[in-house]
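Visitor: No sequence on hand, only this structure:
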Ligand SMILES: Cc1ncc(C[n+]2csc(CCOP(=O)(O)OP(=O)(O)O)c2C)c(N)n1
């Protein structure tokens, strides 16, 4: 029963509680989070790890006058519960319910919309700079994990903050984990707290040894004077102090009293301060403490056992699994193939490569930009790097793709998982811009498989292609087709006709080829004969086939799970325009020019017209509009042919 939590309607209510009540409240919050996530799914372990930290911050700072910014925002559940969203918490990540991430539209206590990592310090620095220039009151706190601290953007912000010397508190939430165990030199550096402890022991031993003689006593006094500098050489503070931050820590992150005391002390320290807090990811729920990676983000599960609720009934393998397996297979056959991930070995499926061929697997930390240019370097020397990054996170590396890979046409393969609508994580995570942002880059080949079998062939094709190539596939399970053993190279820029039909042609890309086939079957039942074409490539497009289908039926429907602006359908319109097909009627089905909120993939697809029924209706309207003359679809007006 949540007795204390029920009395917390805003963070101000926390200041009425005793230390014991705050600790009891932490327990109630944990229970609520575990129960809700066990039913709805979500980011469990990150949120459980920061319950005391959240309470202490909201106890010491006056939100929203003081601004607390949660990096990534996947750990903000306790924050949501005490900032007026307790009653709606059971709608977490459900359509029309509260988001799994901070959202300005949801609460005045959510300062920044987040989902991508390592933005908190930059935004916090911007806020504090604005407050001081505008002569407004308020402290600014950025809470960032040790995983998110591995990104270049975090260091760009620290560097700038040290220079500007504005009042700013950065809380480093150090749980030694990213989604998987944190990697890299910074992570080892932060772990020097062990060395520091060792240093204290060594110091005590040395002191008692030297103090046994008068000479020794004198030596000890000299050494003691340099104690501070010796200590700073052995603690993580050194790095942040070099960046002009006042370093405080490490602080035990589950002791509310220590946390409150620390924040009260640093609250009025001028200039940038970094408070290093040690937490346990998954704290308070044994299965999550034991396997923080598995409980980082997950679907509904059974609280007693920690096991996923969905019975593992035979379902087709996910695209991610097929990608991972194919990578291992191809890498075994070709020693030049390497795999690169930016902190997502499990999410991308590259874990399979890590386990099979660890020397050819590279986790670079949350560093998508670096991952791409790192791959470029490898490609220059003759390796065949495959960079596996979710579509949404690859947005970070747009310039590196253009400048470091495509400009010289280097053979780097981009494996873009989570292309399209991802569902419950919402707008920060939908991978709906990639077809647009990749197809405009010279030298780039862009493809999307219709099913998991074609994914294998596409990966093989991309690796054999002597230039940059991207393979984009969705979140979720394949369609259940059998997998060819023999991999083959697909002819680049050639589409595949799956069904003939003279009334209209449906051109689809990616898994919506399947939607198109189902729609065509239904149309056939209703007397309309639709051709179905698996485009396979968004770039280069099969211009000849586009021309032929335009001539044959004069009506084209395109389907893509990407924004319509600049996407696959637009590419077809461009070709038709260039070829002078002025009377072809085109209807593009895809995502509108607005951000799509969270909800299940199925519901969201229906909402935007990317389901079989909607496709059937669009096709019927198109055919009907011709017979009745009721034309409301865009027509192609060709450019003058020169
Ligand atoms: C730019 C970007 N890349 C990858 C991710 C996926 N991601 C979400 S949380 C996370 C790990 C964050 O680790 P940390 O900051 O230490 O927080 P913790 O989960 O350990 O609390 C990653 C890699 C992301 N959100 N943003």
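Guide: It's in. Since this is a predicted model, take the numbers as computed values, not measurements.
Visitor: wait, what's in contact with residue 605?
Guide: Shown in contact with residue 605 (Cβ atoms under 8 Å, 6 or more residues apart in numbering): 421, 561, 611. (Glycine included, C-beta is placed from N, CA and C.)
Visitor: Likewise for residue 168?
Guide: 121, 124, 125, 128, 140, 142, 161, 271, 272, 273.
Visitor: Could I get the residues you listed in JSON lines, plus columns for neighbour count and pLDDT?
Guide: Listed next are those as JSON lines, based on neighbours: other Cβ atoms under 10 Å; pLDDT from 0 to 100:
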{"residue": "121", "neighbour count": "29", "pLDDT": "98"}
{"residue": "124", "neighbour count": "29", "pLDDT": "98"}
{"residue": "125", "neighbour count": "21", "pLDDT": "98"}
{"residue": "128", "neighbour count": "23", "pLDDT": "98"}
{"residue": "140", "neighbour count": "27", "pLDDT": "98"}
{"residue": "142", "neighbour count": "29", "pLDDT": "98"}
{"residue": "161", "neighbour count": "25", "pLDDT": "97"}
{"residue": "271", "neighbour count": "14", "pLDDT": "96"}
{"residue": "272", "neighbour count": "26", "pLDDT": "97"}
{"residue": "273", "neighbour count": "20", "pLDDT": "96"}
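Visitor: among the residues you listed, which are within reach of the ligand?
Guide: Contacts with the ligand are made by none of the contacts of residue 168, judged by Cβ under 6 Å from any ligand atom.
Visitor: Turn those into JSON lines, including secondary structure.
Guide: Formatted as JSON lines, the contacts of residue 168 follow (DSSP: H, G, I helix; E, B strand; the rest coil):
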{"residue": "121", "secondary structure": "helix"}
{"residue": "124", "secondary structure": "helix"}
{"residue": "125", "secondary structure": "helix"}
{"residue": "128", "secondary structure": "helix"}
{"residue": "140", "secondary structure": "strand"}
{"residue": "142", "secondary structure": "strand"}
{"residue": "161", "secondary structure": "helix"}
{"residue": "271", "secondary structure": "coil"}
{"residue": "272", "secondary structure": "strand"}
{"residue": "273", "secondary structure": "strand"}
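Visitor: Tell me where the stretch 451-600 of the chain has strands.
Guide: 469-472, 496-499, 504-508, 530-534, 537-539, 555-563, 585-591 (DSSP state E, counting those that start in this stretch).
Visitor: Could I get the ones you listed in a markdown table, plus columns for mean neighbour count?
Guide: Formatted as a markdown table, these follow (neighbours: other Cβ atoms under 10 Å):
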| stretch | mean neighbour count |
| --- | --- |
| strand 469-472 | 28 |
| strand 496-499 | 16 |
| strand 504-508 | 28 |
| strand 530-534 | 25 |
| strand 537-539 | 24 |
| strand 555-563 | 27 |
| strand 585-591 | 22 |
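Visitor: Give me the residue ranges of the stretch 1-150 of the chain where confidence is low.
Guide: 1-2 (pLDDT under 70).
Visitor: sorry, back to before: go through the contacts of residue 605 and say which is closest to the ligand.
Guide: residue 421 (17.1 Å; Cβ to the nearest ligand atom).
Visitor: next one: phi and psi at the closest one?
Guide: phi -80, psi 130 (degrees, to the nearest 10).
Visitor: That one and residue 603 touch, don't they?
Guide: No - using Cβ atoms under 8 Å, residue 421 is not in contact with residue 603; the gap is 9.7 Å.
Visitor: who has more neighbours, these two?
Guide: In this view residue 421 and residue 603 are compared by other Cβ atoms under 10 Å, and residue 421 has more residues nearby, 30 against 16.
Visitor: Lowest-scoring secondary structure element of the chain by mean pLDDT?
Guide: helix 227-233 (a mean of 52; mean pLDDT, DSSP states H and E).
Visitor: Could you look up the next helix or strand downstream of that helix?
Guide: Counting by DSSP states H and E, the element after helix 227-233 in chain order, helix or strand, is helix 237-242.
Visitor: list the buried ones in that next one?
Guide: 237, 238, 239, 240 (16 or more other Cβ atoms under 10 Å).
Visitor: okay if I get those residues as TSV plus pLDDT and distance to residue 338?
Guide: Listed next are these as TSV, based on pLDDT from 0 to 100; distance: Cβ to Cβ, whole Å:
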residue	pLDDT	distance to residue 338
237	81	36
238	83	34
239	86	30
240	91	33
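Visitor: could you pick out which of these are near the ligand?
Guide: Of the buried residues of helix 237-242, not one also sits near the ligand (Cβ under 6 Å from any ligand atom).
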